[in-house]
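Undergrad: any chance you can model this:
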Amino acid sequence: MAVGGAPVAHADGNVTVPADSLIAARQAGMDLQVALAGAIKRGIESKAEVKPFKDAGDGIAAWGKAIPGLFPAGTEKGHKTRALPVIWSDRAGFEKAAANLTEAAETMAKAAEAGNSAEFATAFQATGQACAACHRTYRAR
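TA: Residues are numbered from 1 along each chain as shown. Here you go, the predicted structure:
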């Protein structure tokens with residue numbers, strides 16, 4: 001049980017977080033990812049050095065790993081979520097979609113670290129495609 005909306009640790013090690021808090025966290029994470037993608041896109045368009053974008057790629061990859069854990073049962077409704085029920089009925093597909101995002105972002109981070117602008121741009125496109133594929137299936141418009 002949550003007290004005053006704060007997470008409560010249980011003796012078994014589980015933490016209970018109100019559904020609205022999880023939904024708000026995943027929405028904020030998605031917003032941050034969109035902001036990173038915008039900055040990356042502007043960098044690519046202006047032919048900026050890509051090495052500084054390594055952290056952005058790493059961050060998006062870490063976000064991709066975290067996404068499935070932010071969609072537990074019980075967070076299907078509330079806080080203006082646009083999550084579709086298929087997230088919970090096709091959990092394996094949803095987790096694969098998040099893994100695809102992680103993989104594409106890891107490739108983008110590696111290309112940034114290497115300073116390979118062409119590979120970075122290709123990986124950025126793949127990252128965007130992974131986002132779009134997930135949203136087409138698992139998010140309402």
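Undergrad: give me the pLDDT for residue 10.
TA: Here, the pLDDT recorded for residue 10 equals 57.
Undergrad: and residue 94, what does it touch?
TA: By CB atoms under 8 Å, 6 or more residues apart in numbering, the contact list for residue 94 reads 68, 71, 86-87, 134, 138. C-beta here means a position set from N, CA and C on the backbone, and glycine is covered the same way.
Undergrad: and it, what element?
TA: helix 91-114 (DSSP states H and E).
Undergrad: what's the helix or strand that that helix is followed by in contact with?
TA: Downstream of helix 91-114, the next assigned helix or strand under DSSP H and E is helix 117-138. The contact list for helix 117-138 (CB under 8 Å, 6+ apart) reads 33, 37, 40-41, 44, 47, 50, 53, 57, 60, 64, 83-84, 86-87, 90, 93-94, 97-98, 100-101, 103-105, 107-108, 110-112.
Undergrad: and helix 117-138, what's buried?
TA: 117, 119-121, 123-124, 126-127, 130-131, 134, 138 (16 or more other CB atoms under 10 Å).
Undergrad: ok, stretch 17-28 next?
TA: Going by 16+ other CB under 10 Å, stretch 17-28 has these buried residues: 17-19, 21-23, 26-27.
Undergrad: so how far is residue 126 from the spatially closest residue to residue 120 that is not a sequence neighbour?
TA: Excluding the flanking residues, the one nearest residue 120 by CB to CB, 6 or more residues apart in numbering is residue 111, at 3.9 Å. According to CB to CB, to the nearest Å, residue 111 stands 10 Å off from residue 126.
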